[in-house]
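Novice: Dropping a prediction and its sequence here:
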Amino acid sequence: MSGLTKTYGDVCAVDDLSLSVSRGEIFGIVGTNGAGKTTSVECAQGLRRPDAGVVRVLGFDPIGERAALAGRVGSQLQDSNLPDRLRVGEAIALFADSRSQARRSLVEWQLEDLARRPFAALSGGQRQRLMVALALLNDPEIVFLDELTQGLDPDARRAVWELIEQVRDRGTTVVLVTHFMEEAEQLCDRVAVMVGGRLVDHGTPGQLVDRHGRGVRMRFVGSPDDLAWVERVPGVAECGLIGSEIEATGSPAIVARIGHGLIEANRDPVALRVHQPTLEDALLSLVDEPVSHVRDAS
């Protein structure tokens with residue numbers, strides 16, 4: 001997509017968004033609530049008409065050439081739901097092209113034992129497994145997954161992560177909208193960060209952490225006398241005393257260098273803690289000070 005813009009009255013939900021997704025990758029779109037993530041993928045699926053810009057999926061206009069994309073695109077929407085009394089097997093059969101396809105889907109996604117269970121009786125993780133199965137019934141080339149693990153407990157969330165990796169291993173391109181940074185960091189090959197409807201940066205999770213993660217943070221019990229030598233350690237960007245603890249922030253190398261200094265001083269570090277920056281740190285940094293302009297995410 002290029003220059004995608006979508007407004008609702010006086011609110012600009014998506015502002016001049018340009019990005020592209022490579023075949024076979026898991027591409028994440030992250031950001032805070034109201035960042036424009038869901039609106040963007042709804043435009044990409046032809047569910048909403050953009051006010052400006054060009055959107056192409058597999059080379060086709062998702063609104064004007066919808067028929068050409070039928071069967072080639074799968075989706076699980078943020079508010080996906082099914083009738084409470086509809087059984088798992090019935091749901092699969094309803095959307096499958098044939099009985100054999102329905103049976104294959106039940107087996108592939110380990111839903112055989114749940115075939116007679118109504119939707120209302122499924123756990124959160126079981127519901128998401130069913131939604132993934134439905135989204136992939138026709139072996140689409142690209143699938144959109146929007147907040148797939150929202151409301152799930154940690155065990156169920158990790159089970160769904162395995163499902164998403166299985167989808168990618170089938171050769172299907174995945175566009176994953178999520179507000180769980182650990183999820184994006186674990187699964188995505190590349191990530192686009194949206195703030196206030198705009199794309200503020202993109203890249204691999206590692207690249208985003210390096211650019212915006214604010215460095216490694218190291219803390220240990222110390223005294224004001226320690227500040228003098230710690231702040232001179234190569235790679236230390238900031239250093240201060242917090243209560244009875246020294247906190248230093250900087251490049252990853254400061255962990256080894258400060259540790260070496262403590263050993264040379266014949267001191268065992270007390271309450272030593274090291275925080276490696278994460279994608280969540282990078283997002284928080286971008287939200288605090290969003291980048292004014294970035295190149296297209298391609």
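Specialist: It's in. In this text the structure is predicted, and so the values were computed from the model without any measurement. Numbering: from 1, shown residues only.

Novice: Quick one: low-confidence residue ranges for the protein.
Specialist: Counting by pLDDT under 70, the chain contains low-confidence ranges at 77-80, 290-298.

Novice: pull the longest helix from it.
Specialist: Determined from DSSP state H, the single longest helix within the chain is helix 154-169.

Novice: What is the distance between the next helix or strand after that helix and the centre of its chain?
Specialist: Heading C-terminal from helix 154-169, the first helix or strand you meet, by DSSP states H and E, is strand 173-177. In terms of C-alpha atoms, centre = their mean, to the nearest Å, the centre of strand 173-177 is found 8 Å from the chain centre.

Novice: What of stretch 138-153?
Specialist: For stretch 138-153 - counting by C-alpha atoms, centre = their mean - the centre lies 11 Å from the chain centre.

Novice: What residues of that stretch count as buried?
Specialist: Going by neighbour count (16 or more other C-beta atoms under 10 Å), the buried part of stretch 138-153 is N138, P140, E141, I142, V143, F144, L145, D146, E147, L148, T149, L152. For every residue, glycine as well, the C-beta is placed using N, CA and C.

Novice: residues touching the last one, list them.
Specialist: When you say that, I think you mean L152. G124, G125, Q128, V160 (C-beta atoms under 8 Å, 6 or more residues apart in numbering).

Novice: how about a cut-off of 6 Å?
Specialist: Listed by C-beta atoms under 6 Å, 6 or more residues apart in numbering, the contact set of L152 reads G124, G125.

Novice: now the longest helix of the chain against strand 173-177, angle please.
Specialist: With axes from the mean of the first three to the mean of the last three C-alpha atoms, to 10 degrees defining the directions, helix 154-169 sits at 150 degrees from strand 173-177.

Novice: which strands and helices sit next to helix 154-169?
Specialist: Other helices and strands packing on helix 154-169, by 3 or more C-beta pairs under 6 Å, 6 or more residues apart in numbering; DSSP states H and E, are helix 124-135.

Novice: List the buried residues in the helix it packs on.
Specialist: Going by neighbour count (16+ other C-beta under 10 Å), the buried part of helix 124-135 is G125, Q126, R127, Q128, R129, L130, M131, V132, A133, L134, A135.

Novice: Would you quantify the distance from the residue nearest to the fourth one when sequence neighbours are not counted to L134?
Specialist: On the basis of C-beta to C-beta, 6 or more residues apart in numbering, the spatially nearest residue to Q128 that is not a chain neighbour turns out to be V160, at 5.1 Å. Taking C-beta to C-beta, to the nearest Å as the measure, V160 falls 14 Å from L134.

Novice: Same check on S223?
Specialist: Applying C-beta to C-beta, the value for S223 to L134 is 61 Å.
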